[in-house]
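Asker: Have a look at this prediction, sequence included:
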Amino acid sequence: MLFLVAALLLLGVMLGTVAHAPLSFSVAVGLVIAVWLGIFALRERHGRRRGTSAH
């Protein structure tokens, strides 16, 4: 999952979308997204273990 975030951040830099922002800002946003995805994955895994559906 972290590989995906890093790949998307690198793709954004290569395409020029993130190139105008400072590198520290880009890394911070990448870390926020990584944490968000991690929390989402943990909640999904926990919900599936209980047998409840999110729908």
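Answerer: Received it, and whenever you're ready, just let me know what you need.
Asker: Count the neighbours of Val5 for me.
Answerer: Counted by other Cβ atoms under 10 Å, the residues lying close to Val5 total 19. To be clear about C-beta, it is placed using only N, CA and C from the backbone, and glycine gets the same treatment.
Asker: What confidence value was assigned to it?
Answerer: If you check Val5, the pLDDT there is 88.
Asker: tell me which residues of the host helix or strand of it are tucked away?
Answerer: Following DSSP states H and E, one finds Val5 within helix 2-15. Judged by neighbour count (16 or more other Cβ atoms under 10 Å), helix 2-15 contains these buried residues: 5, 9, 12.
Asker: Okay, strands next: where are they in this structure?
Answerer: Counting by DSSP state E, the chain forms no strands at all.
Asker: which residues of it fall in helices?
Answerer: Under the criterion DSSP state H, helices of the chain are mapped to 2-15, 23-50.
Asker: Lowest average pLDDT across those?
Answerer: helix 2-15 (a mean of 83).
Asker: still on that earlier bit, same list (the buried residues of helix 2-15) but as CSV, adding distance to Ala19.
Answerer: Below are those laid out as CSV (distance: Cβ to Cβ, whole Å):
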residue, distance to Ala19
Val5, 18
Leu9, 11
Gly12, 8
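Asker: Return the member of these nearest to Phe40.
Answerer: Closest approach to Phe40 among those (Cβ to Cβ): Val5, at 12.2 Å.
Asker: Test my guess that that closest one contacts Leu37.
Answerer: Yes - between Val5 and Leu37 there is a contact under Cβ atoms under 8 Å: 6.8 Å.
Asker: could you say what helices and strands the helix holding Val5 packs with?
Answerer: helix 23-50 (3 or more Cβ pairs under 8 Å, 6 or more residues apart in numbering; DSSP states H and E).
Asker: quick one on the thing from earlier: now find how far off-centre the helix holding Val5 is within its chain.
Answerer: 10 Å (Cα atoms, centre = their mean, to the nearest Å).
Asker: the inter-axis angle of that helix versus helix 23-50?
Answerer: 150 degrees (axes from the mean of the first three to the mean of the last three Cα atoms, to 10 degrees).
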